[in-house]
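Novice: Structure of the sequence below:
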Amino acid sequence: MHPTLAADGSFVERFIREAKSVARLAHPNVVQVFDQGADGSYVYLAMEYVAGCTLRDVLRERGALQPRAALDVLEPVLAALGAAHRAGFVHRDMKPENVLIGDDGRVKVADFGLVRAVDTVTNTTGSVLGTVSYLAPEQIEHGTADTRVDVYACGVVLYEMLTGGKPHSGDSPAQVLYQHLHADVPPPSAAVPGMPYALDELV
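Specialist: Down below sits the predicted model:
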């Protein structure tokens with residue numbers, strides 16, 4: 001943990017409490033949290049090691065994925081989020097960097113244990129949590145997050161897998177946030193001619 005956060009006693013307490021809670025979330029598509037705690041001035045979180053890469057690595061290397069490959073990634077991500085939602089967790093920061101693809105092909109969602117603890121801090125300072133390209137409108141306007149923000153982010157991730165680009169872009173984060181608030185996510189077929197209509201509807 002960053003020393004600035006580790007020096008905040010209330011944050012450390014919240015971080016450990018949330019990590020212990022997430023550790024009870026056992027699902028084959030969720031990166032498992034094994035242990036958490038403090039050792040002197042160090043605060044740590046021990047998680048399952050996944051040998052492989054992130055979805056971001058794949059997109060950088062390959063660009064857009066074939067529809068079948070994109071859906072093969074999306075399905076286990078949704079399974080992981082579904083299990084988390086049923087257990088009362090909202091990820092709040094779904095993005096390709098938090099989707100791990102193992103060398104064996106298994107897909108796992110990471111960072112459940114970090115997001116809610118950090119969310120409490122960012123809400124008290126009025127900041128917006130999450131990478132701007134994947135934020136749902138209600139996160140931007142009201143700072144609120146329920147299961148629907150994860151669904152929205154997954155739609156953006158699917159769009160990016162299908163087209164190789166993000167649905168909203170701009171010269172600044174503020175411009176991207178504005179588009180999330182005032183523009184619909186465009187259909188993937190607008191960027192990739194011939195994309196099946198069913199995938200437009202899914203996004």
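
Novice: Quick check: what element follows the helix or strand of the chain with the lowest mean pLDDT along the chain?
Specialist: For the chain, counting by mean pLDDT, DSSP states H and E, helix 112-125 ranks last in confidence among helices and strands (a mean of 47). The helix or strand immediately downstream of helix 112-125 is helix 137-142, counting by DSSP states H and E.

Novice: So which residues of the protein form strands?
Specialist: 33-39, 42-47, 52-54, 99-102, 107-109 (DSSP state E).

Novice: I figured H85 hits V151, correct?
Specialist: No. Assessed by CB atoms under 8 Å, H85 is found out of contact with V151, at 9.2 Å. Yep, even glycine has a C-beta here, placed from its N, CA and C like the rest.

Novice: Outside of the longest helix belonging to the chain itself, list whatever touches it.
Specialist: Looking across the chain with DSSP state H, the single longest helix is helix 67-86. Applying CB atoms under 8 Å, 6 or more residues apart in numbering, the external contacts of helix 67-86 come out as 25, 27, 29-30, 55, 65, 90-91, 94, 99, 101, 106-109, 112, 147, 150-151, 154, 157-158, 161-162, 195-196, 199.

Novice: just the buried members of those?
Specialist: 25, 27, 29-30, 55, 65, 90-91, 94, 99, 101, 107-109, 112, 147, 150, 154, 157-158, 161-162, 195, 199 (16 or more other CB atoms under 10 Å).

Novice: Let's see which of the residues you listed end up in helices.
Specialist: Per DSSP H, the subset of the buried ones among the contacts of helix 67-86 in helices is 55, 112, 147, 150, 154, 157-158, 161-162, 199.

Novice: Find the centremost residue of this structure, please.
Specialist: M94 (1.3 Å; CA atoms, centre = their mean).

Novice: Okay, now the unreliable bits of the protein?
Specialist: 1-9, 113-130 (pLDDT under 70).

Novice: go with 50
Specialist: Applying pLDDT under 50 to the chain flags the ranges 117-129.

Novice: looking at it, which residue lies furthest from center?
Specialist: Quick read of the chain (CA atoms, centre = their mean): farthest out is G40, 30.8 Å.

Novice: and the ones in helices among the buried ones among the contacts of helix 67-86, which two are the farthest apart?
Specialist: Largest separation among these by CB to CB: F112 and L199, giving 27.5 Å.

Novice: quick revisit: want to throw the ones in helices among the buried ones among the contacts of helix 67-86 into JSON lines with distance to Y44?
Specialist: Shown next, in JSON lines, are those (distance: CB to CB, whole Å):
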{"residue": "L55", "distance to Y44": "26"}
{"residue": "F112", "distance to Y44": "16"}
{"residue": "T147", "distance to Y44": "29"}
{"residue": "D150", "distance to Y44": "26"}
{"residue": "C154", "distance to Y44": "30"}
{"residue": "V157", "distance to Y44": "29"}
{"residue": "L158", "distance to Y44": "34"}
{"residue": "M161", "distance to Y44": "33"}
{"residue": "L162", "distance to Y44": "38"}
{"residue": "L199", "distance to Y44": "41"}
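
Novice: Okay then, goodbye and thanks.
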